[in-house]
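>>> I'll drop the sequence and a predicted model, then ask my questions.
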Amino acid sequence: MPKAFVTGHPIKHSRSPLIHGHWLKEYGLDGSYERIDVAPVDFGEFLRGFAARGFAGGNVTIPHKEAAFLGVDRRTARAERVKAVNTLWIEDGVLWGDNTDVAGFMAHLDASLGTGWEQNVDTALVIGAGGAARAVVAGLQDRALKRIFVTNRTLAKAEDLVRDLRPGSAVGLETSAWEALGRVIPHARLIVNTTSLGMAGQPPLALDLARAPRDAAVADIVYVPLETPLLAAAKAEGLKTVDGLGMLLHQAVPGFERWFGVRPEVTPELRALILADIEGRK
């Protein structure tokens, strides 16, 4: 019976077991998916020992994604670009790492905005410069955009991201100082928040969306609450919005296929299940 896991520290908040458990039941598969809390000091030992415990692989979340990147034997090209790993598996005795946040974000963006949305987007603005921002920028680089601006309160982190992802990019990557956002927003037809601002318990991300193009779309990777203050402000301006839950659901697809041999679908039923869990934990 294939076994998989999600590991982080802490990990009790993770909804990945609910997602994968739904798919195991939906497709009538024998298998299991469990949470495993691993402290950073123990992660290296866990990484090298999970296969001996009978696991086919698993997901990695905060704070282990960078350690997983450094600890695997082989990495996919997108993991190399993002410099973080969130999905593990064993192939011919080799420990592989991938970053499915890239595909997860883009799949949800396509599902929300429709195929070909990028034909109307020449400039995007990505807010934040952490691991999620790297995944978002890496995904957007594969589309026919002209420019991606990256901004962060600590500008040096945005500069590091751009320096790492610029080589070979057909899309122009630029940084923007936080104080200069007012000059970027009028040109950005896609605005993506990758920070924790707006998450339950965190202050909101305050942007002057009145200056955004009227056909712009605003995405937020935060999914608790599902409608963040940023998305509420975008709706009030009549802009298209993309919530954060779809990224969580779509990023889980490649791992499930690796471990259990079936490519699952992200359905309205799955989304409703996770939304009910979010509501139930309030």
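Looks like it came in fine.

>>> Please, where are all the helices along the stretch 101-250 of the chain?
Under the criterion DSSP state H, counting those that start in this stretch, helices of the stretch 101-250 of the chain are mapped to 101-113, 131-141, 155-165, 181-184, 229-236, 245-251.

>>> elements contacting the last one?
This means helix 245-251. helix 101-113, helix 268-280 (3 or more C-beta pairs under 8 Å, 6 or more residues apart in numbering; DSSP states H and E). Where C-beta positions appear, they are placed from N, C-alpha and C, glycine not excepted.

>>> How far off centre is the last one?
The chain centroid and the centroid of helix 268-280 are separated by 18 Å, computed with C-alpha atoms, centre = their mean, to the nearest Å.

>>> Mind giving me the packing neighbours of it?
Packing partners of helix 268-280 (3+ C-beta pairs under 8 Å, 6+ apart): helix 16-26, helix 245-251.

>>> angle of the first one against helix 268-280?
Which is helix 16-26. When axes from the mean of the first three to the mean of the last three C-alpha atoms, to 10 degrees is applied, the directions of helix 16-26 and helix 268-280 differ by 140 degrees.

>>> can you list contacts of whichever helix or strand comes after helix 16-26?
Counting by DSSP states H and E, the next helix or strand C-terminal to helix 16-26 is strand 32-37. The contact list for strand 32-37, computed with C-beta atoms under 8 Å, 6 or more residues apart in numbering, reads 1-12, 14, 16-17, 20-21, 24, 46, 58.

>>> before we move on, back to that, and the helices and strands packed on helix 245-251: which comes nearest E174?
E174 sits nearest to helix 101-113 of all the helices and strands packed on helix 245-251, at 20.1 Å, using C-beta to C-beta.

>>> Could I get the buried residue list for the closest one?
In terms of neighbour count (16 or more other C-beta atoms under 10 Å), helix 101-113 has its buried residues at 101-110, 113.

>>> Turn these into TSV, columns for distance to R258 and pLDDT.
TSV is the format used below for those (distance: C-beta to C-beta, whole Å; pLDDT from 0 to 100):
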residue	distance to R258	pLDDT
D101	15	96
V102	15	96
A103	13	96
G104	14	97
F105	19	98
M106	19	97
A107	16	97
H108	20	97
L109	23	97
D110	22	97
L113	28	97
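
>>> between those residues, which is nearest E179?
Closest to E179 out of the buried residues of helix 101-113 is F105 (26.9 Å), distances taken as C-beta to C-beta.

>>> Show the contacting residues for that closest one.
F105 neighbours (C-beta under 8 Å, 6+ apart): 135-136, 139, 221, 247, 250-251.

>>> Turn these into TSV, including pLDDT and neighbour count.
As requested, those are exported to TSV (pLDDT from 0 to 100; neighbours: other C-beta atoms under 10 Å):
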residue	pLDDT	neighbour count
A135	96	29
V136	97	28
G139	97	23
I221	96	28
M247	97	29
H250	98	21
Q251	98	25
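
>>> Many thanks, we can stop here.
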